[in-house]
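In: how does the following fold in three dimensions:
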Amino acid sequence: MSPPMSGKGKESGTARVLGSGTSGIAELLIFHPVDTIAKRLMSNKAKLGSASLSTVIFRDQATATLGRRMMSLFPGLGYAAGYKVAQRVYKFGGQPWFNDLITRHYKTEFTNTFGERKGKMMMQATAGSLTGIGEVVLLPLDALKIKRQVNPEAFRGRGAIRIFMEEGTTLYRGWGWTMARNAPGSFSLFGASAVTKEYVLGVTDYSKATWTQNFIASVAGAVASITVAAPLDTVKTRIQNANFENKVSGVTVIKDLLKNEGPLALFKGLTPKILVVGPKLVFSYTLAQSLIPLFANYV
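Out: Presented below is the predicted three-dimensional model:
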């Protein structure tokens, strides 16, 4: 899933950051509106009908012109840009770094436990899981992005620097649920992708997979990841979109959700996320793979 190193040392690292960062920006501009819709659907606690759908999605711009309604789907773009670029750079570089670390120190254990072929896939999945857990350091940017999307009143005219100074550790609210979501989610993403390449497509050297093979493997991994992580993602989103001063525990969120909305509410927003996640991963992966060697010619 990550761009291979070109062997140029520091230059290849610079090209990798620029390529993956640029792909993150392009991905953000195209897919941020769908992400906003998913977050607002997950945060909606009332029964959803055709009459109320527009109000849930577009909020106070539900009756505005088409252009204003579309622009209302871009709240928190600044926070989202910082989060997405940092996440993509970390994701593209972190998973292969963890995989190299595991291969160097624990390959024998994985091979003895799962066999040569399955051991390689398990190392890929485990590396992805560790990468996902580490993403918790980006949680403040993610929290600010979600609040802008679903609860802009929480900002009350304050800028980002003031919020960081005043809120401090509250921006890490839901960190445990984030890690709990990311661990199986990233495990499924990289694991399902590796399984698809290995067993369905017959690819043994993942770095030599064709664009089509990467497309198929990415869709399989993404759908598995989003589905597995969906319940915990809903809980995390509701914890994060509350006002800063309202501390709500994940257990409380789950109890209220099951009581008032039923168990299927844990999967709110799943359909739009699945519909966009395959193209999103393929888009960012393909663009990064194209841009990294391009930037390597100049940096």
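
In: only C-alpha atoms for contact and neighbour calcs from this point on.
Out: Will do.

In: so residue 236 sits against residue 253, correct?
Out: No - judged on C-alpha atoms under 8 Å, residue 236 makes no contact with residue 253 at a distance of 9.1 Å.

In: so which of those two has more stuff around it?
Out: residue 236 (24 against 16; other C-alpha atoms under 10 Å).

In: need the helix or strand of this structure with the lowest average pLDDT.
Out: Among the helices and strands of the chain, helix 160-167 carries the lowest confidence by mean pLDDT, DSSP states H and E, at a mean of 65.

In: against residue 17, how distant is the residue most central in space within the chain?
Out: Residue closest to the mean C-alpha point of the chain, counted by C-alpha atoms, centre = their mean, is residue 87 at 7.7 Å. Remark: distance between residue 87 and residue 17 (C-alpha to C-alpha, to the nearest Å) = 11 Å.

In: what does residue 39 give?
Out: As judged by C-alpha to C-alpha, residue 39 and residue 17 stand 28 Å apart.

In: which of the two has more neighbours?
Out: Taking neighbours as other C-alpha under 10 Å, residue 39 and residue 17 compare with residue 39 leading, 26 against 22.

In: just checking, the more buried one touches residue 271?
Out: No - with contact defined as C-alpha under 8 Å, residue 39 does not count as touching residue 271 (11.8 Å).

In: hey, what's in contact with both of the two?
Out: Common contact partners of residue 39 and residue 271 (C-alpha atoms under 8 Å, 6 or more residues apart in numbering): none.

In: the longest helix seen in the chain: which residues count as buried?
Out: Ranked by residue count under DSSP state H, the longest helix found in the chain is helix 77-114. Of all the residues in helix 77-114, those buried under the rule 16 or more other C-alpha atoms under 10 Å are 77, 79-100, 102-103, 107, 110-111.

In: using CSV, write out every CA atom in stretch 56-75.
Out: Written as CSV, here are the backbone C-alpha positions of stretch 56-75 (Å, rounded to 0.1, in the frame of the first residue of the first chain):
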residue,chain,number,x,y,z
VAL,A,56,-29.3,16.7,8.4
ILE,A,57,-26.8,17.0,5.5
PHE,A,58,-26.8,20.7,4.7
ARG,A,59,-27.9,22.0,8.1
ASP,A,60,-29.0,25.7,7.9
GLN,A,61,-28.2,25.8,4.2
ALA,A,62,-30.8,23.1,3.4
THR,A,63,-33.0,25.6,1.5
ALA,A,64,-30.2,27.7,0.0
THR,A,65,-29.0,27.7,-3.5
LEU,A,66,-27.1,24.6,-4.8
GLY,A,67,-23.8,26.4,-4.7
ARG,A,68,-24.2,27.5,-1.1
ARG,A,69,-25.3,24.0,-0.1
MET,A,70,-22.2,22.5,-1.7
MET,A,71,-19.9,25.0,0.0
SER,A,72,-21.6,24.1,3.4
LEU,A,73,-20.0,20.6,3.0
PHE,A,74,-16.5,22.2,3.3
PRO,A,75,-16.5,23.2,7.0
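
In: for that stretch, list every residue counted as buried.
Out: With burial defined by 16+ other C-alpha under 10 Å, the residues of stretch 56-75 counted as buried are 56-59, 61-62, 69, 72-75.

In: list the contacts of residue 227.
Out: By C-alpha under 8 Å, 6+ apart, the residues touching residue 227 are 270, 274.

In: kindly recompute the last result at 7 Å.
Out: Contact analysis of residue 227 by C-alpha atoms under 7 Å, 6 or more residues apart in numbering lists nothing.

In: and it, what helix or strand is that in?
Out: Assigned by DSSP states H and E, residue 227 belongs to helix 211-240.

In: after that helix, which helix or strand is next?
Out: Following helix 211-240 in sequence, per DSSP H and E, is helix 250-260.

In: pLDDT of that next one, averaged?
Out: Taken as a whole, helix 250-260 has an average pLDDT of 80.

In: show residues contacting that helix.
Out: With contacts defined as C-alpha under 7 Å, 6+ apart, helix 250-260 is touched by 235, 239, 265.

In: show me the contacts for residue 91.
Out: Counted by C-alpha under 7 Å, 6+ apart, residue 91 has contacts residue 131.

In: against residue 260, how distant is it?
Out: Distance of residue 91 to residue 260, computed by C-alpha to C-alpha: 36 Å.

In: where are the low-confidence patches of the chain?
Out: For the chain, the stretches with pLDDT under 70 are 1-13, 48, 50-51, 76-80, 145-170, 207, 240-249, 276-278, 285-286, 289.
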